[in-house]
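[1] return a 3D structure for these sequence lines:
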Amino acid sequence: MIYDGIVVGGGHAGIEAALAMARMNKRTVLITGNLSKVASLPCNPSIGGPAKGIVVREIDALGGEMAKSADKGQIQMKMLNASKGPAVRALRAQIDKLKYPKIMLDVLKQQENLTLIESLVEKMIVEDHTVKGVTLQNGQNILGKTVILTTGTYLSSNILIGKEKTHSGPHGEPTTYGISQQLKDLGFEVIRLKTGTPPRVDKYSLDYEKMVIQPGDTEKHTFSFDNVYYDENPKEVCYLTHTSLKTHDIINQNLDQSAMYGGVVEGVGPRYCPSIEDKVVRFFDKSRHQVFIEPESMELDELYVQGMSTSLPRHIQEKMLKTIPGMEHVNIVKYAYAIEYDAINPVQLYPSLETKKIHNLFCAGQINGTSGYEEAAGQGLMAGINAALKISNKEPFVLHRHEAYIGVLIDDLVTKGVLDPYRLLTSRAEHRLLLRHDNADLRLREYGYKLGLLDEVTYQKYVQKKNNYEKAFEIVDTFKVLPNKENNEYLLSQGSAAIYETYLLSELIKRPELGKQQIIHFIGDVFDQDTLEQIEIHVKYEGYIQKAQREADKVLRLEDKMIPDIIDYRQIRNISSESREKLMKIKPKTLGQASRISGVNPADISVLLVYLESGAFHHDI
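    A predicted model of the protein is given here:
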């Protein structure tokens, strides 16, 4: 049997890739070493966060699975930055790390067109620069039209604690060497990266009186636009404490014993999720750093010590943790460790996530140099979609930077590459006012439906919701508020100024102190909370949103200017040597992508535009 798609790895990227292909009616097989560990959470027991939480919403809008399973498995939910502008708001949930993989495994088992195989992949079958399938460790060949590598941190991985180096994947699981070596043999640029995880501690060994309680929101939030809230889910709390000067002294005195500072680590660590050693060294002027104590599962007595990722030896970890308020008598259940692993430089990928060197081979997740479950899932979804489209001889599906954080993520990867594990941040998105938590379905649902990832019932609910928004906008924009005594008394009671002429309600709620409650007061409780939120954001930020859209449209003109694959940059005169070198290496698909390559300056883009419009490249081949 020849499968349409072979997905290697059952992490967050692999799951979304396999489900996307199967839901697009492609015969798909997912191969992973341990089916009980699919969708595992080897590090932080949480999903979401700044920018990442919006990615989860985007995955849901497109027809992916992460949001639905996170809603089922969450034990605490918060809206971050709720008091700030809508561009930076995002959900973050504490996830039951034992329950979540079971939820995902059930989804996989029930999915039509999807076969699950429990095995490790030794190597790929490659002929004439085209992937044909994979060979399992037992020697069995699995043939497929496309292969998606989602190998996470399992490529030639080492666990590091102090001076100890153990050849292993996360939590003692087996690593794999065949694929990594094969990628090198095929001419891929393979890079060495590092990440880490903090210790887990016994929840009964802590003194919570010395910590600050961090409860979840009482409001019922959901990642998924299905808005199914599970009331039976626990409402767990987290705790906040801090390192002390004694903590920092112990770390500084033992830096030479850290895997990172002692010369054991070969890989480059994550800039935006540093170890505690790195924080103490880089931010030497700070007297303390935040430490969050987070639950891992309702079935475990273990807590996750967020902020204390380290590769120091075990006895130093013991001494260090006991200097933190509330942890004086701590019992460590699992020691922290660093893990280094192989990845590829993602500039070797097209925006579809297909590799440039090997046809029909796609890569998604940490193999592309990213960090985080959400970034992996977003890439997996896009790789699965594009593998399915490739089989059907259809054009790739590529999201622009103004359409989705997933578009920002992938464009950054394939255009700029990585030096350290990439983490998605709101600051990376120049159009972030357009890429909000609240409007992910309005941005992406149509795509999901056209791709075949949304059923008719889900799509019609979206159509109805969109129609309701449009009617609501029209009502608010035409409703007149008269300058009578009753209305002015109400406005004054809300801390707003009185009015002396008739106002449209849309004009009135542009005032900072007015919003959703005032819409309800004047019109009545006829809209749901999602619609009210959309109206308020639309009205208050209308000018900014319009400006952002104009800027996006301007950039889009460059994105629409395609660069033919046949172009020979050596034939273009008057561009710098650095630009020529970068353009030849990355081979951008559009003029917009070319403009974002580091080292390619605006003058070179102008020359390239003139060259493309002249059609001169036709004479150069």
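[2] center of this structure, which residue is that?
    Glu375 (2.6 Å; Cα atoms, centre = their mean).
[3] show me the contacts for that one.
    Residues near Glu375 by Cβ atoms under 8 Å, 6 or more residues apart in numbering: Lys52, Val55, Gly365, Leu409, Tyr422, Arg423, Leu424. Glycine gets a C-beta too; all of them are placed from N, C-alpha and C.
[4] and it, what helix or strand is that in?
    Taking DSSP states H and E as the criterion, Glu375 maps to helix 373-391.
[5] and that helix, how far out from the chain's middle?
    Centroid separation between helix 373-391 and its chain, computed with Cα atoms, centre = their mean, to the nearest Å, is 12 Å.
[6] ok, now stretch 504-519?
    34 Å.
[7] how long is it end to end?
    11 Å (Cα to Cα, to the nearest Å).
[8] ok, now stretch 182-196?
    26 Å.
[9] residues contacting that stretch, please?
    Under Cβ under 8 Å, 6+ apart, the answer for stretch 182-196 is 43, 123-124, 126, 153, 180, 260, 265-270, 273, 275, 309-311, 336-345, 348, 355, 357-358, 366, 369, 371, 418, 420-421.
[10] number of nearby residues for the closest residue in space to Gln306 that isn't next to it in sequence?
    Distances taken as Cβ to Cβ, 6 or more residues apart in numbering place Phe292 nearest to Gln306, at 3.9 Å, with adjacent residues excluded. By other Cβ atoms under 10 Å, 20 other residues sit near Phe292.
[11] mind listing the helices for the stretch 501-621 of the chain?
    Counting by DSSP state H, counting those that start in this stretch, one finds helices in the stretch 501-621 of the chain at the ranges 505-508, 516-523, 529-540, 542-559, 577-586, 591-595, 602-614, 617-620.
[12] just the buried positions in the fifth one, please.
    Along helix 577-586, these residues count as buried under the neighbour rule (16 or more other Cβ atoms under 10 Å): Ser579, Arg580, Lys582, Leu583, Ile586.
[13] any idea how far that helix is from the chain center?
    Computed by Cα atoms, centre = their mean, the separation of helix 577-586 from the middle of its chain amounts to 29 Å.
[14] return that helix as PDB; C-alpha atoms alone will do.
    The C-alpha trace of helix 577-586 is given here as PDB (Å, rounded to 0.1, in the frame of the first residue of the first chain):
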ATOM      1  CA  SER A 577      27.200  40.800  -3.500                       C
ATOM      2  CA  GLU A 578      25.600  40.200  -0.100                       C
ATOM      3  CA  SER A 579      22.100  40.500  -1.600                       C
ATOM      4  CA  ARG A 580      23.000  38.200  -4.500                       C
ATOM      5  CA  GLU A 581      24.400  35.600  -2.100                       C
ATOM      6  CA  LYS A 582      21.300  35.700   0.200                       C
ATOM      7  CA  LEU A 583      18.800  35.600  -2.700                       C
ATOM      8  CA  MET A 584      20.600  32.600  -4.300                       C
ATOM      9  CA  LYS A 585      20.500  30.800  -0.900                       C
ATOM     10  CA  ILE A 586      16.900  31.400   0.100                       C
END
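[15] for the record, mean pLDDT for that helix?
    Computed over helix 577-586, the mean pLDDT rounds to 87.
[16] residues contacting that helix, please?
    Counting by Cβ under 8 Å, 6+ apart, 347, 414-415, 569-570, 572, 575, 593-594, 597-601, 604, 608 sit against helix 577-586.
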